[in-house]
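Peer 1: let me see the structure of the following:
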Amino acid sequence: MYSGSCHCGRVAFLVDLTIDHARQCDCTICSKRGLLTFRVSNDALQLKCDLADLFQYRWGTRTAVDYFCPICGVLPFRRPSQLTLEERAAGLDPFDGWSINIRCIDEIDLDALPKHRIFGSRLQI
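Peer 2: Numbering: from 1, shown residues only. Here you go, the predicted structure:
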């Protein structure tokens, strides 16, 4: 079990994971934020704050939800986009969980983690 938070500490969480890589997406929003993420199931994330108190951002298909601290602006986690009909028809499996910004997790050695490049720039948004 790892603990994590935004910069100011208002958005704090616990996450149960065994992390073996970091996802590095090449889409414009992830690139501009410098995000490194890892996906976990719904029950792996335990919030120490009220989700309704966070700011949200949606774009494109409006199925992804990015959550931000209203004080410091850091994005500690997000709900990834739902698959389009075309992606489902192509056989992609839907994901129902959280994408954690591993830069917000305490005591993770980012340099030691292999980076898996995700080509989000090729997805329909």
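Peer 1: burial count for Asp66?
Peer 2: Neighbourhood size, Asp66 [other CB atoms under 10 Å]: 21. Glycine gets a C-beta too; all of them are placed from N, C-alpha and C.
Peer 1: pull out the buried residues from the helix or strand harbouring it.
Peer 2: Here Asp66 sits within strand 65-68, counting by DSSP states H and E. The neighbour-count check on strand 65-68 (16 or more other CB atoms under 10 Å) flags 66-68 as buried.
Peer 1: now do stretch 12-24
Peer 2: Neighbour-count burial for stretch 12-24 [16+ other CB under 10 Å]: 12-13, 15, 17, 22-24.
Peer 1: and for stretch 36-48?
Peer 2: 36-38, 40, 45, 47.
Peer 1: what's the mean pLDDT across it?
Peer 2: Taken as a whole, stretch 36-48 has an average pLDDT of 94.
Peer 1: quick one: which of the buried residues of strand 65-68 is nearest Gly91?
Peer 2: Set against Gly91, the nearest of the buried residues of strand 65-68 by CB to CB is Asp66 (26.9 Å).
Peer 1: ok, that closest one - contacts?
Peer 2: Asp66 sits next to 56-58, 75, 78 when contact means CB atoms under 8 Å, 6 or more residues apart in numbering.
Peer 1: quick one: which of the buried residues of stretch 36-48 sit in strands?
Peer 2: 37-38, 40, 45, 47 (DSSP state E).
Peer 1: tell me which element the residue nearest the centre of the chain is part of?
Peer 2: Residue closest to the average C-alpha location in the chain (CA atoms, centre = their mean): Ser99, at 2.8 Å. Per DSSP H and E, Ser99 falls inside strand 97-101.
Peer 1: where does the protein have low pLDDT?
Peer 2: For the chain, applying pLDDT under 70 flags the ranges 82-89, 92-95, 123-125.
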